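Colleague: Show me the folded form of this:
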Amino acid sequence: MNNLRDRFLTFAETECKGNSALYYKLCIQVADDAELLSIAANSKVGQPVPNIFLAAVHYLLLSNAHHHLARYYPSIQKKYVEEIPFPAFKDFCIANENAIKDIVATRIVQTNVINRCAYLLPIFSKIIADEDRPTTIIDIGTSAGLTLNFDKYEYWYNDQKVFGDSKVIVKSDILGPVIPKIYSISHPVFKIGIDQNLIDPSDEDEILWLEALVWPDQMERFVAMEEALKLKELKDIKFVRGETILDFEREILKTDSCNNLIIYATHVLYQFTETQKNEFFAMIERVGQIRNVHFLAVEGISLISEKYKSKEIVIELTTYRNRQKTVTFIAETNGHGNWIRWK
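Modeller: Residues are numbered from 1 along each chain as shown. As a prediction, the model looks like this:
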């Protein structure tokens, strides 16, 4: 229980503070409630417990929008709410204890935070321009594949529109003096999404879970996701179910060797065990000895953040060219790409 309490408090301070006032307050309160912690404790090993617990409640409310607790969820009411009353929240959790336990024990966190494309577009467009040839891009832990359509969205940095014309709006603040250039993408881009549990955009229940993972007071994320799911280009993505790291490797090595190859993982590796993380990086190393490849990792795992003595989410690019490895500290960001500090 002490460990769970700490996880909720850490989630509140490092993830929710400044991003979600509703979840910040809830996490602080849940951290001191033994009954709710005991429900959350049924989460799968390796899953971010606060995230999946809050998403489970959100999921049930999205399915039952007439419940009185739903009036405090902006995602349902489409208007700002200052606070979710904790007694009402707890009563709902206790009344739906078995349903919540079942959800957290069987579901996994598969967020598709489209705003993370705020850093993907500048990085990918530069790599593609430098390579000057067709590109294959592989998203590890793709969920519904929405970040793979990074080149189909509209981008605003520091309240200035800089790229695209789309109903899917990506907004981010650039901290510091370095402002990256966005390059024109003139070559074909082939997109592959790999995941253990793919999200089917035509499955209403799976999309409901995807929506439940969005924090209820981040209305722009709901709009962006809704519009992104409508894009016809989503059908052009090749989706592959991969259960193991060897499955990932086989799919990577099947791609056209004449193409520029980019592999990326955003907020995926934290769900891996230490052994799996080591196996994953060893797999990238093997691929890099066979062909040129760019691997972009955007993770808060200690294996990367401690290397740069960073307390933020680190954006690191590893490039293998002629079997020579180069690692570059590209930027720092937060979990939702709301701001970026380029190096």
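
Colleague: Run through the helices of the stretch 1-150 of the chain in chain order.
Modeller: Secondary structure of the stretch 1-150 of the chain (DSSP state H, counting those that start in this stretch): helices at 2-11, 21-30, 34-40, 49-62, 74-77, 86-95, 97-106, 117-131.

Colleague: Adding mean pLDDT and distance to H294, write those out as JSON lines.
Modeller: In short, each C-beta sits where N, CA and C put it, glycine included. Below are these laid out as JSON lines (pLDDT from 0 to 100; distance: least, C-beta to C-beta, whole Å):
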{"stretch": "helix 2-11", "mean pLDDT": "93", "distance to H294": "31"}
{"stretch": "helix 21-30", "mean pLDDT": "95", "distance to H294": "34"}
{"stretch": "helix 34-40", "mean pLDDT": "97", "distance to H294": "38"}
{"stretch": "helix 49-62", "mean pLDDT": "96", "distance to H294": "29"}
{"stretch": "helix 74-77", "mean pLDDT": "93", "distance to H294": "36"}
{"stretch": "helix 86-95", "mean pLDDT": "97", "distance to H294": "44"}
{"stretch": "helix 97-106", "mean pLDDT": "96", "distance to H294": "35"}
{"stretch": "helix 117-131", "mean pLDDT": "97", "distance to H294": "6"}
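
Colleague: Deepest-packed of those helices, please.
Modeller: helix 49-62 (a mean of 23; mean count of other C-beta atoms under 10 Å).

Colleague: rewinding a little: could you dump the helices of the stretch 1-150 of the chain into CSV with distance to T333 added?
Modeller: Below are the helices of the stretch 1-150 of the chain laid out as CSV (distance: least, C-beta to C-beta, whole Å):
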stretch, distance to T333
helix 2-11, 17
helix 21-30, 19
helix 34-40, 27
helix 49-62, 18
helix 74-77, 24
helix 86-95, 30
helix 97-106, 27
helix 117-131, 6
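
Colleague: Out of those helices, the one nearest E220 is which?
Modeller: Evaluated with C-beta to C-beta, the helices of the stretch 1-150 of the chain place helix 74-77 nearest to E220, the distance being 11.1 Å.

Colleague: Using PDB, write out the CA atom coordinates for the lowest-mean-pLDDT helix or strand in the chain.
Modeller: Ranked by mean pLDDT, DSSP states H and E, the helix or strand of the chain with the weakest confidence is helix 302-305, at a mean of 85. This file holds the C-alpha atoms of helix 302-305, laid out as PDB (Å, rounded to 0.1, in the frame of the first residue of the first chain):
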ATOM      1  CA  SER A 302      16.100   5.700 -15.900                       C
ATOM      2  CA  LEU A 303      18.200   3.900 -18.500                       C
ATOM      3  CA  ILE A 304      18.000   7.000 -20.700                       C
ATOM      4  CA  SER A 305      17.200   9.900 -18.400                       C
END
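
Colleague: Give me the helices and strands touching whichever helix or strand comes after that helix, please.
Modeller: Counting by DSSP states H and E, the element after helix 302-305 in chain order, helix or strand, is strand 313-321. Judged by 3 or more C-beta pairs under 8 Å, 6 or more residues apart in numbering; DSSP states H and E, strand 313-321 is in contact with helix 117-131, helix 274-290, strand 293-299, helix 302-305, strand 324-333.

Colleague: still on that earlier bit, run through who's touching the least confident helix or strand of the chain.
Modeller: 269, 277, 297, 299, 311-314, 316 (C-beta atoms under 8 Å, 6 or more residues apart in numbering).

Colleague: Mind doing that once more with 7 Å?
Modeller: By C-beta atoms under 7 Å, 6 or more residues apart in numbering, the surrounding residues in contact with helix 302-305 are 277, 297, 314, 316.

Colleague: Which of these lies at the shortest distance from L175?
Modeller: Using C-beta to C-beta, the contacts of helix 302-305 come closest to L175 at V314, 14.6 Å.

Colleague: dump the residue contacts of the closest one.
Modeller: Residues near V314 by C-beta under 7 Å, 6+ apart: 299, 304-305, 308, 329, 332.

Colleague: K126 now?
Modeller: Y183.

Colleague: again with F295
Modeller: With C-beta under 7 Å, 6+ apart, F295 has these contacts: 263, 284, 318.

Colleague: who wins for neighbours among those residues?
Modeller: Greatest neighbour count in these, by other C-beta atoms under 10 Å, goes to I263: 23 neighbours.

Colleague: per-residue pLDDT, that residue?
Modeller: Reported pLDDT at I263 in the predicted model: 98.

Colleague: Under a three-state scheme, what state does it occupy?
Modeller: The three-state label for I263, taken from DSSP: H, G, I helix; E, B strand; the rest coil, comes out as strand.

Colleague: Which residues are in contact with it?
Modeller: Taking C-beta under 7 Å, 6+ apart, one finds 138, 140, 252, 293, 295 in contact with I263.

Colleague: and with 6 Å instead?
Modeller: 138, 295 (C-beta atoms under 6 Å, 6 or more residues apart in numbering).

Colleague: where in the stretch 101-250 of the chain is pLDDT low?
Modeller: Nowhere does the stretch 101-250 of the chain drop to pLDDT under 70.
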